[in-house]
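Return a 3D structure for these sequence lines:
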Amino acid sequence: MATLPPDPQVSRRAIGAARWAIAVGVVGFGLKFAGWLATGSDAIFSDALESIVNIVASIGAFLALVYAERPPDEEHPYGHGPIEFVSALFEGVLVAVAGLVVLAHCAESVYRGSAEVTRLDLGLILVAASAVLNGIAGFALLRVGRATGSAALIGDGKHLLSDLWTTFAVIAGLVAVRITGHAWIDTAVALGVGVLLVVVGTRVAFGGLSSILGAQDAEDHRRILEVLNRHRAGEAPAICSFASVRHRHQGRLHFVDMHLRVPRDMSVAESHEIASAIEREVLAAVGEGTATAHMEPCGDSSCARCRSASVKLA
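The predicted structure is shown next:
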């Protein structure tokens, strides 16, 4: 079994990014809330409501990262990393709920009639400023999240980028209202934002739930198989074949199990050296965590590697 422990520097980077996301959320909400007060726009209201979710979700991501850094104990022998998936699930639910609230607000606006939207120039400036801030923060969080393997930061980054697209829609709607003078366009944009939030939130929530249930990451699986196929093809240390490759995430940590087959006449010491070398290579491919190779004797009578080993022994 080979283990690659968490890098403290990586942990500090992830937690620092989560703190920054909270600050960005607060500033972004302030800009949009001021824009809504100035204009009375339904579209800006929907965008401001999502920013409240940004703040709550960023706080949740920060707390999840801090909790995930706890070392393994008797009750959690694999560590506390899955809390990050809970954070992603929680964030997705919040986004979807915010979308439902926006839809309810739009229904009310349609019932009572669209109110006049005022001070559009000021509203556009404030919303555009929040868009720039969210765009920078979203891409930064995705980059750090992928570099550190943090599900919480990736979820928060995707949320901020979805907020960026909704903000673009809001800006386009406000420009259309300013040009045409039709206030109903503002409510129509808010309706579209609400639908988008429900869709994005549902996807993020299902992604977090899928990870909690132990779904394998397709990219990790590809990398692991790439390593094993090279050694099966003859790259040293060579193996006859492999089977039962399984892996899962625990936050940033990866846990990989695999069965490697070698010639049955190979010594225990030699097979152990092969296992250790391939375990280390697998971890180098996927990231921090633990890889365990179970060594088995090859039972394939047509295996060329087994025949070659038998000739050498003779």
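
Show me what the longest helix along the chain packs onto, helices and strands only.
Of all segments of type helix in the chain, defined using DSSP state H, the longest is helix 8-39. If contacts are counted by 3 or more CB pairs under 8 Å, 6 or more residues apart in numbering; DSSP states H and E, helix 8-39 sits against helix 42-68, helix 120-148, helix 151-180. C-beta coordinates here come from the backbone N, C-alpha and C atoms, glycine included.

average model confidence for that helix?
For helix 8-39, the mean pLDDT works out to 82.

in that helix, what's buried?
For helix 8-39, burial by neighbour count (16 or more other CB atoms under 10 Å) applies to 10-11, 13-15, 17-18, 20-22, 24-25, 27-29, 31-36, 38-39.

Need the per-residue pLDDT for residue 119.
pLDDT recorded at residue 119 is 82.

scratch that, residue 279 is what I was asking about
Looking at residue 279, the pLDDT reads 92.

What residues sit buried inside the helix or strand it falls within?
If you go by DSSP states H and E, residue 279 is part of helix 268-286. Within helix 268-286, the residues scored as buried using 16+ other CB under 10 Å are 271, 274, 275, 278, 279, 281, 282, 283, 285, 286.

and the helix or strand following that helix with helix 268-286, angle?
Going down the chain from helix 268-286, the next helix or strand is strand 289-297, by DSSP H and E. Going by axes from the mean of the first three to the mean of the last three CA atoms, to 10 degrees, strand 289-297 is angled at 140 degrees with respect to helix 268-286.

who's in contact with strand 289-297?
Identification of contacts with strand 289-297 by CB atoms under 8 Å, 6 or more residues apart in numbering yields 1-4, 244, 250, 253-264, 271-272, 274-276, 278-280, 282-283.

and what of stretch 266-279?
Around stretch 266-279, the neighbours that count as contacts under CB under 8 Å, 6+ apart are 1-2, 227-228, 231, 237, 239, 256, 260, 262, 291-293, 295, 309.

Go ahead and build a ChimeraX selection from the buried members of these.
Restricted to buried positions by 16+ other CB under 10 Å, the ChimeraX selection for the contacts of stretch 266-279 reads:
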select :2,227,228,231,237,239,256,260,262,291,292,293,295,309
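
For residue 67, state which of the contacts of stretch 266-279 is nearest.
Lowest distance from residue 67 to the contacts of stretch 266-279 (CB to CB) belongs to residue 256, with 23.7 Å.

Now the closest one: which helix or strand?
Per DSSP H and E, residue 256 falls inside strand 253-262.

which stretches of the stretch 1-150 of the chain aren't confidently modelled?
Low-confidence segments of the stretch 1-150 of the chain (pLDDT under 70): 1-10, 77-81, 113-115, 149.

let's see it at 90
Within the stretch 1-150 of the chain, the ranges that satisfy pLDDT under 90 run 1-29, 32-33, 35-124, 127, 130-150.

and what of the stretch 201-314 of the chain?
Counting by pLDDT under 90, the stretch 201-314 of the chain shows low-confidence ranges at 201-220, 232-238, 240-241, 243-244, 246-255, 262-271, 284-290, 296-314.

if we go to 50?
311, 313-314 (pLDDT under 50).

Quick check: residue 161 vs residue 167, distance?
Going from residue 161 to residue 167 by CB to CB, to the nearest Å gives 10 Å.

before we move on, the earlier item: which of the buried residues of helix 268-286 sits closest to residue 147?
residue 286 (13.7 Å).

quick one, what contacts that closest one?
By CB under 8 Å, 6+ apart, the neighbours of residue 286 are 220, 223, 224, 247, 254, 256.

what's the neighbour count on the closest residue to the fifth one other than its chain neighbours?
Nearest residue to residue 254, sequence neighbours excluded (CB to CB, 6 or more residues apart in numbering): residue 289, at 3.5 Å. When counting by other CB atoms under 10 Å, one arrives at 26 neighbours for residue 289.

wait, doesn't residue 120 sit right on residue 171?
No - the pair residue 120 / residue 171 is not scored as a contact, 10.5 Å apart, by CB atoms under 8 Å.

Against which helices or strands is whichever helix or strand residue 243 is part of packed?
Assigned by DSSP H and E, residue 243 falls within strand 241-250. Using 3+ CB pairs under 8 Å, 6+ apart, the elements in contact with strand 241-250 are helix 218-232, strand 253-262.

ok, the shortest one: who's next to it in the sheet?
Okay, so that is strand 253-262. Counting by DSSP bridges, the strands paired with strand 253-262 are strand 241-250 (antiparallel), strand 289-297 (parallel).

and the direction of the shortest one versus that of helix 218-232, what angle?
Angle of strand 289-297 versus helix 218-232, following the same axes, to 10 degrees, is 40 degrees.
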